[in-house]
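A.B. asks: just need the structure, nothing else, for what follows:
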Amino acid sequence: MPKLFFTALIFLFSAPPLLAGEFELDKTITVQNFVNEMVKEHGFDEQQLKQVFSKVKIHKSILKAISRPAESKPWYDYRPIFVTDRRIRGGLKFWDKYAGLLKRASETYGVPEEIIVAIIGVETRYGKHAGRYPVVDALSTLAFAYPPRSKFFRKELKEFLLMARDEKLDPNEPVGSYAGAMGMPQFMPSSFRMYAVDFDGDGKRDIWNNPADAIGSVGNYFKRHHWKTGQPIASVVQVSGNDYHELLGKSLKPAYNHEEFTARGIRISDDVPADIKGVLLELEGEDGPEYWIGWHNFYVISRYNHSALYSMATYQLSQEIKRRRK
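C.D. replies: Numbers count the residues shown, from 1 in each chain. Model prediction:
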């Protein structure tokens, strides 16, 4: 038995017996306490929740997957996963098919069409790979059997059950990724509750099967995270000397303006407004380091996934799709 899974079992099971190697999750003390919280704090029916958890399974494959995220790869290995000819061609087809919806979303939320297309392309290959795990299984596995991030996933499990109640969904039916991300744009439950929209006005927020709602929800997500229409996203730069090292940091939040970059040996060839702020990025390319500045809108993309690699892959995919469409 893998060490990670063995540790998870110790964390999860403090009392109940196991039958034929399967976990009676609804009978564990951890889950009983969780059910009690949902009843007390949110007025859920105890028996209904126990019925939900009686069908939930803990997945070893989820615990393995979360221990090896793609974001741990160097940029030269990460980029080819997402910026591919196949994904670019898929983006062109998606854009052509839903051109009217994308145009309306761009006009409504101020977010470029290519960014919305690229997000859906990176997340699920335009809806073709939206996940195979029951969302409640994925979230329960990580909430109750993955100690390093149990607090976060416990919160998302609460949000999911509230979402299912609000949207009148059977909690055991929706499927998603191994981390509990859902639908074409892969929203976590908390993001669904805050940012998903009924973009076609049919009375439902369906990001699984309705491209209109998926497209509108991505646009709304970025608008709510303060996307600035017409501003740049990222600029490739050249560096000289050693002073630029002072500006390399872990945070993706923009902190320096054009003058401060220039003063530390960073040459920006793009014509960008002098007063906007950015962050210096060093990415591990095949032929050595690549240096970029991520501006405010790059930071907004990173609110979707807090990774410079993810944001850069999304940006570069969007630009390739836009270039070929022209």
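
A.B. asks: residues contacting the closest residue to Asn257 other than its chain neighbours?
C.D. replies: Spatially, and ignoring its direct neighbours in sequence, Asn257 is nearest to Lys277 (5.3 Å; C-beta to C-beta, 6 or more residues apart in numbering). All C-beta spots, glycine's among them, are computed from the backbone N, C-alpha and C. Contact analysis of Lys277 by C-beta atoms under 8 Å, 6 or more residues apart in numbering lists 254-257, 295-296.

A.B. asks: what does Glu46 give?
C.D. replies: So Glu46 contacts 35-36, 39 (C-beta under 8 Å, 6+ apart).

A.B. asks: what about burial for the residues you listed, which qualify?
C.D. replies: When the contacts of Glu46 are checked for burial by 16 or more other C-beta atoms under 10 Å, the buried set is Val35.

A.B. asks: one step back: out of the contacts of Lys277, which sit inside helices?
C.D. replies: Among the contacts of Lys277, DSSP state H puts His296 in helices.

A.B. asks: now do the contacts for Tyr76.
C.D. replies: Tyr76 makes contacts with 284-286, as judged by C-beta under 8 Å, 6+ apart.

A.B. asks: so Pro185 versus Ser106, what's the distance?
C.D. replies: 15 Å (C-beta to C-beta, to the nearest Å).

A.B. asks: show me where the stretch 201-326 of the chain has strands.
C.D. replies: 234-239, 266-268, 278-285, 288-295 (DSSP state E, counting those that start in this stretch).

A.B. asks: need the winner for burial among those strands.
C.D. replies: Compared across the strands of the stretch 201-326 of the chain, strand 278-285 shows the largest average neighbour count, a mean of 20 (mean count of other C-beta atoms under 10 Å).

A.B. asks: what helices or strands is that one leaning on?
C.D. replies: helix 75-82, strand 234-239, strand 288-295, helix 296-302, helix 308-325 (3 or more C-beta pairs under 8 Å, 6 or more residues apart in numbering; DSSP states H and E).

A.B. asks: which among those is found nearest to Lys250?
C.D. replies: Evaluated over the helices and strands packed on strand 278-285, closeness to Lys250 peaks at helix 308-325, with 9.6 Å, by C-beta to C-beta.

A.B. asks: got the angle between that closest one and helix 75-82?
C.D. replies: Orientation check (axes from the mean of the first three to the mean of the last three C-alpha atoms, to 10 degrees): helix 308-325 against helix 75-82 gives 50 degrees.

A.B. asks: what helix or strand is Ile119 on?
C.D. replies: In this assignment (DSSP states H and E), Ile119 forms part of helix 113-124.

A.B. asks: what average pLDDT does that helix get?
C.D. replies: Mean pLDDT, computed over helix 113-124, is 98.

A.B. asks: tell me the helix or strand right after it.
C.D. replies: Following helix 113-124 toward the C-terminus (DSSP H and E): strand 133-134.

A.B. asks: could you say what helices and strands that following strand packs with?
C.D. replies: With 3+ C-beta pairs under 8 Å, 6+ apart as the test, strand 133-134 has strand 175-176 packed against it.

A.B. asks: packing partners of the strand it packs on?
C.D. replies: So strand 175-176, by 3+ C-beta pairs under 8 Å, 6+ apart, packs with strand 133-134, helix 135-145.

A.B. asks: give me the residues contacting the longest one.
C.D. replies: Right, the one you point to is helix 135-145. Residues contacting helix 135-145 (C-beta under 8 Å, 6+ apart): 5, 8-9, 11-12, 25, 28, 30-31, 34, 52-53, 56-59, 62-63, 66, 131, 149-150, 153-154, 156-157, 160-161, 171-172, 174-180, 182, 189.

A.B. asks: no further queries at this time; thank you.
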